[in-house]
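Chemist: give me the fold of what follows.
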Amino acid sequence: MESIQYANESVEVKPQTIRLTMGQALLKFLDNQYIEFDGEERKFIKGMFGIFGHGNATGLAEALERQESNLPLLQGKNEQGMVHAATAYAKQKNRLEIFACTTSIGPGALNMVTAAGTATVNRIPVLLLPSDNFATRQPDPVLQQIENPSDYTVSATDAFKSVSRYWDRIVRPEQLMTAAINAMRVLTDPVETGAVTLALPQDVQAEAFDYPVEFFKKRVHVIERRTPSEVTLERAVELIKSKKKPFIIAGGGTHYSFAAEALKQFAERFEIPVGETQAGKSAIAWNHPLNMGGVGANGSKASNVLSKDADLIIAVGTRLTDFSTSSKVAFQNPDVSFLNINVSSFDAMKMESQLLVSDAKTALNQLGEQLQKVNYKTAYDENELTSLKEAWDNEVDRLFNLKSEEGLEQSQVIGELNQFIDEKDIITCAAGSLPGDLLKLWRSKHPKTYHMEYGFSTMGYEVQAALGIKMAEPEREAYTLVGDGSYLMMHSELVTSLQEKQKINIILFDNHGFQCIHGLQVGQGSEGFGNEFRYREQSTNQLSGDYMEIDFAAHARSLGAKGYTANTVEELRDALKKAKQDTISTLIHIKTLPSKVEGYDSWWRLGVAEISNSESVKNAYENMEEKLNQARKY
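Modeler: Here you go, the predicted model:
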């Protein structure tokens, strides 16, 4: 209570409040959060995915049902699936718009844990609102409550702590205020962002409090472009000047910073070749003379040759994971140095890099200005880069035209898709052998047309992500390329796409199981074990019988989507044309052979058995030891 002086008397004025349940207050707060980037303001939280059960059915659901806010509810069909859709939406929107997700307690809440990890690993903001046990503990133990006899404060929602960038449990309605503000702090921070979890006890969701009206004011969270310090910029310029053959690795931060054009101009100005990570792909058109394709374990021959010989690696907005560094054996020049441009010092320090902690677009522009003043040029021979790129383009053409009498080759199908799909439409993928083939082979012409989740490589992300992408880019066709294994793990939000009339296109590669891991086993000395969808052979008690036959097109039709089957190139082309004309979600079931696309001067480290009675496994272990001798240690 504040005091205001009028002439000779003092009048006490009560702060203005509004009495709301915690659930109602949360919605009112979320509805008034905005974000500003480069002077453009937009609404940050666009709506909420939800599946109701005990915990939120009479709390947050009641608030949503009778809300005065403008937060539409999208009914999820699986808790993990709806978070994947929300993650894909935020990723496609370059982290400037998000959805929240609400669940019941117990299994409903825990279903979101995998998706929380996916968002956090990929640095994508998503707000998770799992319900929790009664804060009063009066009816304990309730249905689906986990009881820990040694620590009664532990509940299912504690599982989110390891996969969340911010975690809180609101056990009194007034705690919402500090928790919600901290949640927004993390969600809108380019460095800290990821999954934010606010655990909401089911009784507290419905409890009322006199909230200050000030809490619900419009809040605009400004994302500033972090500029490099003068010292680090000077050191970066000196480092580049001392090198003759730099190589750029473009990561996802290139997209989030809207730095695609700045990257292209920087590369052109100084004739520096560029390789792409899964998250950075499509920043530069595939046919640009300096775009050498994917880099690392799933990279192109051109990129991997150049990164091997480079005396400087300029990493732009990337975490330099084991795939992009070929488990740290990609860089073999004894004089190689690393310059890492990243808003996060944690990421920028990797590979013993010289740090340039900065927004990617800002850093590239400022570096370009300084290097131009000294007329910096690389020492690459023009013919060297041209011949490497031409050779790789020819290899991709060969793989696109690979044919077999046994059936459709995976690279052949990718080539047909790449030729058919409009250059501004969007593809998504996440797991199996497809991500590796797509990084090598897919030819993107425009930024944000290639959407890959490969930080967590979450099987089951694909179909759900297509829904999030379509919601983010409604004017474009959204295609998801998914293996039969990933599709069987999760396809729940196909139904949501039909419910919301958000058309998605599922391209299902059926190769009878988890063939990526099957191939990985075989490559390390195994004969292949437990990864193909076969019937159990009674004589051997092994999964070595005939392949299982599943009609995925019929399954899609049973859910209300359009379903097509393609066993030949002609049938595939016809199905693609029909799917494009359809107005509801589609699935094209394609029988394909396991991928025959090889690695190109790359390696990926695995834990191969040190002791085995198999000679092939022993040989694989020796090969691993040899590669480890070439790898950087940190």
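
Chemist: residue nearest the centroid of this protein?
Modeler: Residue closest to the average C-alpha location in the chain (C-alpha atoms, centre = their mean): E453, at 3.6 Å.

Chemist: report pLDDT for that residue.
Modeler: Per-residue pLDDT puts E453 at 97.

Chemist: hang on, it packs against Y461?
Modeler: Yes: the pair E453 and Y461 qualifies as a contact (C-beta atoms under 8 Å) at a distance of 4.9 Å. (Glycine included, C-beta is placed from N, CA and C.)

Chemist: need the residues touching each of the two.
Modeler: By C-beta atoms under 8 Å, 6 or more residues apart in numbering, E453 and Y461 have these common neighbours: 87-88, 118, 430.

Chemist: mind putting those residues in JSON lines, pLDDT included?
Modeler: JSON lines is the format used below for the shared contacts of E453 and Y461 (pLDDT from 0 to 100):
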{"residue": "T87", "pLDDT": "98"}
{"residue": "A88", "pLDDT": "98"}
{"residue": "T118", "pLDDT": "98"}
{"residue": "A430", "pLDDT": "96"}
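
Chemist: quick one: S558 is in a helix?
Modeler: Yes: applying DSSP: H, G, I helix; E, B strand; the rest coil, one finds S558 inside a helix.

Chemist: distance across stretch 590-608, terminal residue to terminal residue?
Modeler: With C-alpha to C-alpha, to the nearest Å as the measure, stretch 590-608 spans 33 Å from end to end.

Chemist: ok, residues contacting the longest helix along the chain?
Modeler: Of all the elements of type helix in the chain, the one with the most residues (DSSP state H) is helix 382-400. By C-beta under 8 Å, 6+ apart, the residues outside helix 382-400 that reach it are 271, 273, 289-293, 300-302, 305-306, 409, 411-412, 414-416, 418, 440-441, 443, 597.

Chemist: any of the residues you listed buried? List them.
Modeler: Among those, those buried by neighbour count (16 or more other C-beta atoms under 10 Å) are 271, 273, 290-293, 300-302, 305-306, 409, 411-412, 414-416, 418, 440-441, 443, 597.

Chemist: still on that earlier bit, can I get the shared contacts of E453 and Y461 in TSV including neighbour count?
Modeler: Listed next are those as TSV, based on neighbours: other C-beta atoms under 10 Å:
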residue	neighbour count
T87	31
A88	33
T118	28
A430	30
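
Chemist: where do the strands sit along the stretch 1-150 of the chain?
Modeler: According to DSSP state E, counting those that start in this stretch, the stretch 1-150 of the chain carries its strands in the segments 2-6, 9-13, 17-21, 33-37, 40-43, 45-50, 73-75, 98-103, 126-132.

Chemist: for the record, mean pLDDT for the helix or strand following the last one?
Modeler: Going back to what we said before, that points to strand 126-132. Counting by DSSP states H and E, the next helix or strand C-terminal to strand 126-132 is strand 166-169. Taken as a whole, strand 166-169 carries a mean pLDDT of 98.

Chemist: packing partners of strand 166-169?
Modeler: For strand 166-169, the packing partners by 3 or more C-beta pairs under 8 Å, 6 or more residues apart in numbering; DSSP states H and E come out as helix 176-187, strand 195-201.

Chemist: so which residues make contact with that strand?
Modeler: Under the contact criterion C-beta under 8 Å, 6+ apart, strand 166-169 has outside partners 132, 157, 160-161, 175, 179, 182-183, 185-186, 192, 196-199, 201.

Chemist: narrow the residues you listed to those that are buried.
Modeler: Applying 16+ other C-beta under 10 Å to the contacts of strand 166-169, the neighbour count classes 132, 157, 160, 175, 179, 183, 186, 196-199, 201 as buried.

Chemist: out of those residues, who's nearest K244?
Modeler: Ranked by distance to K244 (C-beta to C-beta), those are led by V186 at 42.1 Å.

Chemist: was I right about that closest one contacting V196?
Modeler: Yes: counting by C-beta under 8 Å, V186 does reach V196; the two are 5.4 Å apart.
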